[in-house]
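In: pasting the sequence and the predicted model now:
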Amino acid sequence: MSTLDAKYMTQAQQHPEPGAAELLAQYLRRPSILLPLLGLVTFVLYSGSLSFEFVWDDWPQIVNSPIIRTWSNLPRAFTSDLWYHVARHQVYYRPLFVAWSMLNYTLFGLRPWGWHLGAVVLHVAAVLAVFWLAWKLGLEYWTAALAALIFALHPIHIEPVTWVSAASDTMVAAFAALAFVAFLNGRDPQRNLEKKKRTAWWLASLALLACALLTKEMAVVFSALVGIYAWLNPGEKKSSPVKRVIAAAIEAAPYAVVTVAYALLRRHALAQTTGQFNPDHGMMDMARTLPLVMSIYLRQLLVPLGITGLYYTPYVTGAGAISIQVVAPAAVLGAALIGLWYWNRRAGHHIVAFAGWWLLLGIAPALYLRNFSNGDFVRDRYLYLPSIGFAILAAMGLRRLPSIKGWSAQAVQICAVVVLCGGYACASIAQQVYWANDLMVLLRGQSLYPGNPYTMVGLAKEYSKGGANDRAIELAEAVVRDHPEYGYGPLTLAEVYIHAGRFEEGRAWLDRVNPDYAKSEVGMAGLAGLYGQMGDYERAFALCSEILQKEPDLYSALYNCGNIHLVDGQYKDAEQLLSRAVQLVPEQAAPKHFLGRALLQDGRSAEAQPYLRQAVAMDPKVWDYHYWLAVSFEGNGNVSAARTEYQQALQLNPDSKEARVRLAALEAK
């Protein structure tokens, strides 16, 4: 052996080459490598959602929303509610979510994949913000990384990531996490920052809080979180309890001022809002039900199976249910609180306490149950912001696992992390598919909570649209029979009866519709459309006149009333209303189609054809869009194009006698 080889062998023995695991750990120790990897894992997990459709509130909030179609409407977003185009007296003030929607519309139009891409990117941003927050709170690097990974993979986030309209929860959580990081940077004396830089961080935290508040109301708890953190971590370690409380209040005061300013702005923008609460159930019913609701949220955090958008947890009212639905959940919650208290005492620092407070306060705005319909209390999206606290607690717990029978603590922790995160990933992939479209959402809810009247009503409408009238009527009848208190039951039963051609029964149920709904803008527009379908034009026109006098630019009223004039043969009036509907919502196929039909039936085929063509191009799956375009082609003498469109209509709807007769007549020429 040469002297050089011997020297190399000696050095190799003294400084052995690091193994693959050690090399990987060294690389991941760099945030510039770890954070992109976290983002990639998160994106891959939810990449399947890019094939999902718009569902639920996406239709009125995005597809039918006129405000998002031009940036010139941005000031309007700060002075009106999210659904101003559907009805007044709404309570959703989220201008920055509207701005995000405008950006998506600018980039993707109404292609669902682009909106879902935006929602996934928001989740990735929130994951990175959680890592930064956990690290700034004082967690060790790997524990902070684990907290971010748990947050990224947890199935409780399926709803806000795969449902576009719930992206406001993702946005508010990201803004709140970044605002708290900025607060910590401005407060931390160990950073030895210049006063100007610390002031800049403090101002940034106030600005980020304002962004969070303008995204969703859940951020109203932020000033309380600042106060609690300041109380748990006082500037003067040996100060008295009274001084600690005063100092904490002083630190939280600027954030409270921002919150109050937001509340005043919101009140000004929603001047017509009357508020909403369930008058049939008082504070005692709410107090009895709260333990059950909170225990369900805790269960979903710990064992995230049975994920759906349609939980059903009605008020606890019967005396016989007290022990099971009140005492037992309260005992579980009490045990969890005692466990957190004991853990915090043993930890030697206050991160456990603060993470627990973040979890509890984060969900607090969603716990005033009277704001919701009976049974509609639990929503996974409400856990998005508070689950940051849970992710931190879970990561800390995993990192405290001890050694077991020859297994080192590190080996035990790694195995636990692999099992937990692997389970989360599998559960997320398996359960996110239920958000692919409206029917999947409703069927999932019906399978888990078959007594939910909202689900039954939604399924009845879906079956009715698909022509399964008997099944639709059966479900709607079950709602009014089993849930007489549910206000939308009679309306749905009336709708499915009318769609099935059973007008007398439909008319009888329209008379039983909730009076408050019948007097609302959206209610009058809907009822006018139903009366129009039955040929009761006098009553339909009376409702149209009333609502259009109040709200001349309400899309739902313009569209429904325009169609009523069309069916009644009043083509000029139909053209006037439907033209305004097209101007308000230019990306919708339906108003263009019916405007084209009004023009066609008024003998103006050349003017009608562009609208009919656009409707077919925008939504080629609707058979009668092809049918009426074929009629216009036939009227112009374009036999070849008419034949093609009739054939397309029959492919989509083989039972169409009109299309079959007209096609046969063309073939006979």
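Out: Nice, I can see it. What you see is a predicted model; the values in this text were computed from it and never measured.

In: how many residues are close by Asp624?
Out: 18 (other Cβ atoms under 10 Å). In short, each C-beta sits where N, CA and C put it, glycine included.

In: and Ser168, by the same measure?
Out: Neighbour count for Ser168, taken as other Cβ under 10 Å: 26.

In: pretty sure it is touching Thr215, no?
Out: Yes: at 5.6 Å, Ser168 counts as touching Thr215 under the criterion of Cβ atoms under 8 Å.

In: name the residues contacting each of these two.
Out: 94, 97 (Cβ atoms under 8 Å, 6 or more residues apart in numbering).

In: where does the stretch 1-150 of the chain dip in pLDDT?
Out: Residues of the stretch 1-150 of the chain meeting the criterion pLDDT under 70: 1-21, 84-90.

In: tell me where it has helices.
Out: Ranges of helices within the stretch 1-150 of the chain are 3-14, 20-28, 31-46, 58, 74-77, 95-108, 112-136, 141-153, based on DSSP state H, counting those that start in this stretch.

In: list of residues touching the shortest one?
Out: Which is helix 58. Under Cβ under 8 Å, 6+ apart, the answer for helix 58 is 115, 163-165.

In: could I get the helices of the stretch 1-150 of the chain as JSON lines with mean neighbour count and distance to Val567?
Out: Formatted as JSON lines, the helices of the stretch 1-150 of the chain follow (neighbours: other Cβ atoms under 10 Å; distance: least, Cβ to Cβ, whole Å):
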{"stretch": "helix 3-14", "mean neighbour count": "9", "distance to Val567": "89"}
{"stretch": "helix 20-28", "mean neighbour count": "11", "distance to Val567": "65"}
{"stretch": "helix 31-46", "mean neighbour count": "17", "distance to Val567": "44"}
{"stretch": "helix 58", "mean neighbour count": "21", "distance to Val567": "28"}
{"stretch": "helix 74-77", "mean neighbour count": "15", "distance to Val567": "33"}
{"stretch": "helix 95-108", "mean neighbour count": "19", "distance to Val567": "32"}
{"stretch": "helix 112-136", "mean neighbour count": "22", "distance to Val567": "31"}
{"stretch": "helix 141-153", "mean neighbour count": "24", "distance to Val567": "52"}
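
In: wait, which of those helices is closest to Tyr449?
Out: Closest to Tyr449 of the helices of the stretch 1-150 of the chain is helix 58 (Cβ to Cβ; 21.9 Å).

In: distance between that closest one and the chain's centre?
Out: Distance, stretch centre to chain centre, for helix 58: 9 Å (Cα atoms, centre = their mean, to the nearest Å).

In: with stretch 329-340 instead?
Out: Chain-centre distance of stretch 329-340: 29 Å, with Cα atoms, centre = their mean.

In: could I get the average pLDDT for it?
Out: Average pLDDT, stretch 329-340: 92.

In: list the buried residues for it?
Out: Within stretch 329-340, the residues that count as buried by 16 or more other Cβ atoms under 10 Å are 329-330, 333, 340.

In: repeat for stretch 634-653
Out: Going by 16+ other Cβ under 10 Å, stretch 634-653 has these buried residues: 634, 642-643, 645-646, 648-650, 652-653.

In: longest single helix anywhere in the chain?
Out: Secondary structure of the chain read by DSSP state H shows that its longest helix is helix 241-269.

In: rewinding a little: can you tell me which of the buried residues of stretch 329-340 is closest to Ala148?
Out: Proximity of those to Ala148 (Cβ to Cβ) peaks at Leu340, which lies at 21.2 Å.

In: name the SS class of the closest one, please.
Out: Assigned with DSSP: H, G, I helix; E, B strand; the rest coil, Leu340 falls in the helix class.

In: the closest residue to Ala179 other than its chain neighbours: neighbour count?
Out: Nearest in space to Ala179, with sequence neighbours left out and distances taken as Cβ to Cβ, 6 or more residues apart in numbering, is Leu208 at 3.6 Å. Other residues within reach of Leu208, judged by other Cβ under 10 Å, total 22.

In: wait, a strand at Leu208?
Out: No: counting by three-state DSSP, Leu208 falls outside a strand, being helix.

In: picking up where we left off before, Glu551 is nearest to which of the helices of the stretch 1-150 of the chain?
Out: Proximity to Glu551 (Cβ to Cβ) singles out helix 74-77 among the helices of the stretch 1-150 of the chain, at 15.2 Å.

In: what lies in contact with that closest one?
Out: Contacts of helix 74-77 (Cβ under 8 Å, 6+ apart): 67, 84, 95, 98-99, 102.

In: how far off centre is it?
Out: Using Cα atoms, centre = their mean, the offset of helix 74-77 from its chain centre is 21 Å.

In: now it - C-alpha only, PDB.
Out: Extracted as PDB, the C-alpha positions of helix 74-77 are listed here (Å, rounded to 0.1, in the frame of the first residue of the first chain):
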ATOM      1  CA  LEU A  74     -62.700  46.600  -8.100                       C
ATOM      2  CA  PRO A  75     -64.000  49.700  -6.100                       C
ATOM      3  CA  ARG A  76     -67.400  48.100  -6.100                       C
ATOM      4  CA  ALA A  77     -66.000  45.100  -4.300                       C
END
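
In: ranges for the helices of the stretch 351-500 of the chain?
Out: Secondary structure of the stretch 351-500 of the chain by DSSP H, counting those that start in this stretch: the helices cover 351-363, 387-399, 409-432, 438-448, 453-465, 469-482, 488-499.

In: looking at those, which one is packed in the most?
Out: Compared across the helices of the stretch 351-500 of the chain, helix 488-499 shows the largest average neighbour count, a mean of 24 (mean count of other Cβ atoms under 10 Å).

In: next, Leu401: phi, psi?
Out: When read as degrees, to the nearest 10, the backbone of Leu401 gives phi -60, psi 130.

In: residues near it, how many?
Out: Using other Cβ under 10 Å, the number of residues around Leu401 comes to 17.

In: same thing with the one 3 residues further on?
Out: By other Cβ under 10 Å, the residues close to Ile404 number 11.

In: which ones are touching the residue lying closest to it once chain neighbours are set aside?
Out: Distances taken as Cβ to Cβ, 6+ apart place Val412 nearest to Ile404, at 5.4 Å, with adjacent residues excluded. Residues near Val412 by Cβ under 8 Å, 6+ apart: 401-404.

In: I'd like the distance between Val412 and Pro402.
Out: Val412 sits 7 Å away from Pro402, going by Cβ to Cβ, to the nearest Å.

In: so which residue is smack in the middle of the protein?
Out: Closest to where the C-alpha atoms of the chain average out (Cα atoms, centre = their mean) is Ala166, at 1.7 Å.

In: torsion angles phi and psi at that residue?
Out: phi -90, psi 10.

In: and the gap between it and Gly48?
Out: Distance check for Ala166 against Gly48: by Cβ to Cβ, it reads 17 Å.

In: now swap in Asn638 and tell me
Out: Distance from Asn638 to Gly48, by Cβ to Cβ: 43 Å.

In: just Gly356 next, same as before
Out: Gly356 is 34 Å from Gly48, by Cβ to Cβ.
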